[in-house]
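Undergrad: give me coordinates for this.
(chains A and B)
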Amino acid sequence: MITQYENVIIKTICRIMIPFLQIFALYVIMHGHYSPGGGFQGGVILGASFILLVIAYGMEEARRRISLKTLMIYASVGLIIYSGIGIVCLLMGGNYLDYGKLPLPISSTPAVRAMGILGIEIGVGIGVMAIMISIFLMIASYEAGGKDD
Amino acid sequence: MKIFAFLIVLLTGGLLIYGGEDMPGWGDPNSPASLHVTPRYIEKTVEETATPNMVTSVLADYRGYDTLGETTVIFTAGVACLLLLRRENP
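TA: Numbering: from 1, shown residues only, chains lettered A, B, ... in the order given. Reported below is the predicted structural model:
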């Protein structure tokens, strides 16, 4: 069980750093077309920002902010975004995950494909973030039951 | 017993090094991996997907089905952890 640090330096630094970490994670997801990065990396950074919050502020604060149930819903939503984009392509007459067929108000097909890539990166990012946080929360709170053998 | 394990490690490492001798050179333009689909990705990726980062376009577009599988693997890992580690009052 991770309890709250009483050190004011750690808490203040974390409070300052976490928003910037999250903005950087969103940047990594959205800028995956032009620079190294993408859904997996950005999702892991988003998860790391929350893990930093848990380490600094303790498990109680984390539970107050997000529950395991919500996290698993987020993970499923990420996967549904990904496969849903594939199914939309299928319904519009293309192959599965053929982003060129997405019904977007953009004239050129390559730009539509780029938007499709962005969509699945967002789905991957949400899913990876939720799974990272939930695995960390489950492992960190494992002793709390007091039944480990 | 430790000697035995060490010998097995040595044997496996030796076999891997022996097998690696036949691999094509690092970045060899005539190796099979560089001749099949790689030139098409390099030439057509900006034209077809408007994505300058070739890694992203290969990962998410040309091999999108593979990435869907990777995401599913991560999701499965999370669900497996949930089944194994969850307490009644998490």
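Undergrad: quickly find the element holding the nearest residue to residue B:50 once chain neighbours are set aside.
TA: Once flanking residues are discounted, residue B:50 sits nearest to residue A:110: 3.7 Å by Cβ to Cβ, 6 or more residues apart in numbering or on different chains. Glycine gets a C-beta too; all of them are placed from N, C-alpha and C. Element membership of residue A:110 [criterion: DSSP states H and E] is helix A:109-140.
Undergrad: most centrally placed residue in chain A?
TA: residue A:129 (2.7 Å; Cα atoms, centre = their mean).
Undergrad: can you pull the contacts of that one?
TA: A:25, A:43, A:44, A:46, A:47, A:50, A:74, A:78 (Cβ atoms under 8 Å, 6 or more residues apart in numbering or on different chains).
Undergrad: just residue A:139 next, same as before
TA: Contacts of residue A:139 (Cβ under 8 Å, 6+ apart): B:81, B:85.
Undergrad: relative to residue A:51, how far out is it?
TA: Distance check for residue A:139 against residue A:51: by Cβ to Cβ, to the nearest Å, it reads 11 Å.
Undergrad: same question for residue A:103.
TA: Counting by Cβ to Cβ - residue A:103 and residue A:51 are separated by 38 Å.
Undergrad: check residue A:17 too.
TA: 12 Å.
Undergrad: overlap of the contact sets of these two?
TA: Counting by Cβ under 8 Å, 6+ apart, nothing touches both residue A:17 and residue A:51.
Undergrad: and the two? Which one has more around it.
TA: Neighbours were counted for residue A:17 and for residue A:51 using other Cβ atoms under 10 Å in any protein chain shown; residue A:51 has more, 18 against 14.
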